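Visitor: quick one: sequence and predicted model below, then my questions.
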Protein chains: 2
Amino acid sequence: MSEREKIKVLLIDNHPLVLEGLKAVLETFAHIMVVGTAHLARQGLELAARTRPTVVLMDINMPQLNGIDAIELFKREVPDAKILMLSMHDSREYISASVLQGAAGYVLKDVPNEEIVAAIETVAGGGTYFSSGVPEALLQRRESEDAAILPLTSREREILILLAAGQSNKEIATVLAISAFTVETHRKSIKKKLGISTTAGLTRFALERGLIAEA
Amino acid sequence: MSEREKIKVLLIDNHPLVLEGLKAVLETFAHIMVVGTAHLARQGLELAARTRPTVVLMDINMPQLNGIDAIELFKREVPDAKILMLSMHDSREYISASVLQGAAGYVLKDVPNEEIVAAIETVAGGGTYFSSGVPEALLQRRESEDAAILPLTSREREILILLAAGQSNKEIATVLAISAFTVETHRKSIKKKLGISTTAGLTRFALERGLIAEA
DNA sequence: ATCGGCATACCCAGAAGTGGGTAGCCGCAT
DNA sequence: ATGCGGCTACCCACTTCTGGGTATGCCGAT
C-alpha cells in the first residue's frame, strides 16, 4: 500500500458547510490533499479534468445533475479517478446504482470522520469501501433478484416526478400530452417495480433519490 | 458593538460534517470561540447549561427533538443565549416559527460562510439576522395573516405523520382508535391550515419539517 | 423473424380521498 | 357564563385512485 505520495481528493457537495467540514477534516491528514471543491457535479467535472484527482468524493443528492448520473461522466472525463459516493441515506437502490455505475465506494454522511478517511485510503489503493451493512445488502440483492434495483424507465421516472409533485393522473396526462389511461398504466408499473403502493411512499422515494427538490 | 471579549458559540447539528465545517470556519475567526458541539438538541441543552454560550447555532431538522421545539427549552435553560437557527430550507413556516419561539436569527445552510459569521456577530450584539429574502417574507405574512404559520395541533401533527407515512384514513383510524370520519376531519383541517391540497404535498411538508424520517 | 420491453390506450368495479356540510363535548380563558 | 378552539363523529355527492385486465405499434436483441 504505497502511501508515499499524497492522495489527491476532489470534493463535490452542494452544501458549503459539508464541503468545509470535509476539507477541514481531510486537511488534518498529511497524506491527503484536497485539490478542489465544487458544489455542483458539472463544476466538479471541470475541476477534475484540470486537477486529475486520485479520488472524487461526491454527494449523491445534488441539484441539476445528481451524483449517480455524474459517475458516468467522471468515468469518461477522468477514467483513473476513483469515485467515492457520499450520501445521507442508507439506500439499497443508491448503493446498487453507484456500484453499477462504477463507483469504488459508498460512505454515509453521518459516519465518524475517520471512516471517511479510511474509505478514501482504501479506494485510492484500488479497493472498494462501503459504509456499515452495505455490502451485505448488496450481496443479498445480487443473489435474489438482480433486477428491481433502480429499474424505472425514463418515462416512468418522468411520471414519478410529476406524481410526487402532487399532480393527478389527469394533470400529468395534460402536461405530457398523453392519455390519462397511459399515465395510469405507468403509475402501475412504477408502483409494481418499486414495490410501493401509496402516493406518499412514491413521494418519499422521489425525495430520497433527489428526483424532486425538497422545497 | 463591544467585541472585546470572544463570542462563545455552541453548535448543534446532527450531521458531523456540518458540525465540523462550522467549527472549522468559525475557528478561523479570533473573536469567536466554539465552546461546544452537539448532534442532538438534548445534548446541546446540557452543554449550554455548562458552557453558557453567547450564541447557540442550531439546526432545525434534527431527530428526536427538532430545533424549533428546542428553542423554548433553551430559552428556559439559558435565557441569555441568543438562538440562531440554521436550516436547509427557505421555508416561511420555519422562519416564522423560529421567530415566534424567540430565535434571534435564521441562516440558510447554503449561504457563504462569511454570512454565518456575520449572523453570529449580529445576534451576539443583540440584533437579529435573517438570510436572504427572509425578512420580507416575514413582513408579508405579518401584514396579511398572522395565523397559518405553524398552526398544527399535536393531534393534527400526529395524523400528518401517519398520513405522510402512506397510511390511509382507515388505517390511521385503527391505529389511533378513532373513527375514520374523524381522521378525515383532521386531514381536512391540516390541508386547510397548511394550504396544501395533495397527499404528496403533505408528505413533502412532513419530510422537510423532519416530522418523519427520510427512509 | 420473433420475442421482450417500452410506451401507448382503454375498460371496469371497487376502494379511497375531496370538499362541502353539521354537531356534540370538553376545557380553558375572558 | 359564554365563547372559542380542539377533538370527536357523521353525511353526501363527486372525483380520483387502485388493481385487475386487454391490446397495439415500435424497437432492439437474439
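Guide: Cool, got the structure.

Visitor: which of the helices or strands spans the residue nearest to A:Phe130 when sequence neighbours are not counted?
Guide: Once flanking residues are discounted, A:Phe130 sits nearest to A:Tyr106: 5.1 Å by Cβ to Cβ, 6 or more residues apart in numbering or on different chains. C-beta: built from backbone N, CA, C; applies to glycine. Element membership for A:Tyr106, per DSSP states H and E: strand A:105-108.

Visitor: sheet partners, orientation included, of that strand?
Guide: Next to strand A:105-108 in the sheet, as set by DSSP bridges, lie strand A:82-87 (parallel), strand A:129-130 (parallel).

Visitor: average pLDDT across that strand?
Guide: Per-residue pLDDT over strand A:105-108 has a mean of 80.

Visitor: picking that back up, pick the most buried one from the strands paired with strand A:105-108.
Guide: Comparing those on average neighbours per residue, with mean count of other Cβ atoms under 10 Å in any protein chain shown, the densest one is strand A:82-87 at a mean of 25.

Visitor: quick one: A:Thr28 is in a strand?
Guide: No: using DSSP: H, G, I helix; E, B strand; the rest coil, the assignment for A:Thr28 is coil, not a strand.

Visitor: quick one, phi/psi of it?
Guide: Per-residue torsions, A:Thr28: phi -80, psi -10 (degrees, to the nearest 10).

Visitor: so for it, what's the pLDDT?
Guide: Reading off the model, A:Thr28 has pLDDT 83.

Visitor: try A:His89
Guide: Note for A:His89: predicted pLDDT of 63.

Visitor: low-confidence stretches in chain A?
Guide: Along chain A, segments meeting pLDDT under 70 span A:1-4, A:63-66, A:88-101, A:131-151, A:208-215.

Visitor: give me the domain ranges for it.
Guide: Chain A breaks down into these domains under automatic domain parsing: A:7-143, A:154-208.

Visitor: winner for burial among those domains?
Guide: Neighbour counts (mean count of other Cβ under 10 Å) averaged over each of the domains of chain A peak at domain A:7-143, with a mean of 19.

Visitor: looking at chain A, which helix is longest?
Guide: Determined from DSSP state H, the single longest helix within chain A is helix A:180-194.

Visitor: which parts of chain A are helices?
Guide: Under the criterion DSSP H, helices of chain A are mapped to A:16-26, A:41-51, A:67-77, A:92-101, A:113-124, A:134-144, A:154-164, A:169-176, A:180-194, A:199-208.

Visitor: between these, which gets nearest to B:Val34?
Guide: helix A:16-26 (12.2 Å; Cβ to Cβ).

Visitor: what's next to that closest one, contact-wise?
Guide: Residues from elsewhere that reach helix A:16-26 (Cβ atoms under 8 Å, 6 or more residues apart in numbering or on different chains): A:9, A:11, A:13, A:32, A:34, A:37, A:39, A:57, A:59, A:109, A:113, A:116-117, A:120, B:15-25, B:109-113.

Visitor: how about the strands paired with strand A:105-108 in JSON lines, adding distance to DNA strand C?
Guide: Converted to JSON lines, the strands paired with strand A:105-108 look like this (distance: least, Cβ to the nearest atom of the strand, whole Å):
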{"stretch": "strand A:82-87", "distance to DNA strand C": "24"}
{"stretch": "strand A:129-130", "distance to DNA strand C": "27"}
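
Visitor: contact partners for the spatially closest residue to A:Glu27 that is not a sequence neighbour?
Guide: The shortest distance from A:Glu27 to any non-neighbouring residue, by Cβ to Cβ, 6+ apart, is to A:Val34 (6.1 Å). Contact partners of A:Val34, counting by Cβ under 8 Å, 6+ apart, are A:Val9, A:Leu10, A:Leu11, A:Leu22, A:Lys23, A:Leu26, A:Glu27.

Visitor: from A:Gly67, how far out is the residue minimising distance to the centre of chain A?
Guide: With distances taken as Cα atoms, centre = their mean, A:Ile60 lies nearest the centre of chain A, 3.0 Å away. A:Ile60 sits 4 Å away from A:Gly67, going by Cβ to Cβ, to the nearest Å.

Visitor: ok, back up a step: give me the contacts around the longest helix of chain A.
Guide: Against helix A:180-194 from outside (Cβ under 8 Å, 6+ apart): A:148, A:151-152, A:155-156, A:159-160, A:163, A:169-170, A:172-173, A:176, A:196-197, A:201-202, A:205.

Visitor: please apply the same query to stretch A:42-50.
Guide: A:10, A:12, A:35-36, A:38, A:56, A:58, A:64-65, A:70, A:73-74, A:77-78, A:81.

Visitor: need the max-distance pair from the residues you listed.
Guide: Spatially, the most separated pair among those is A:Val35 and A:Gln64, at 22.3 Å (Cβ to Cβ).

Visitor: go ahead and confirm A:Ala172 touches A:Ile161.
Guide: No Ala there; residue A:172 is Ile. No: at 9.5 Å, A:Ile172 does not count as touching A:Ile161 under the criterion of Cβ atoms under 8 Å.

Visitor: which residue, other than its chain neighbours, is closest to A:Gln167?
Guide: A:Gln167's closest residue in space is A:Val175 (Cβ to Cβ, 6+ apart), at 7.2 Å.

Visitor: surely that neighbour touches A:Ala165?
Guide: No: in this structure, A:Val175 is not within contact of A:Ala165 by Cβ under 8 Å, at 10.1 Å.

Visitor: now A:Ala124. Nearest residue, chain neighbours left out?
Guide: A:Ile7 (4.5 Å).

Visitor: against chain B, how distant is the one you found?
Guide: From A:Ile7 across to chain B, the span is 19 Å (Cβ to the nearest Cβ, to the nearest Å).
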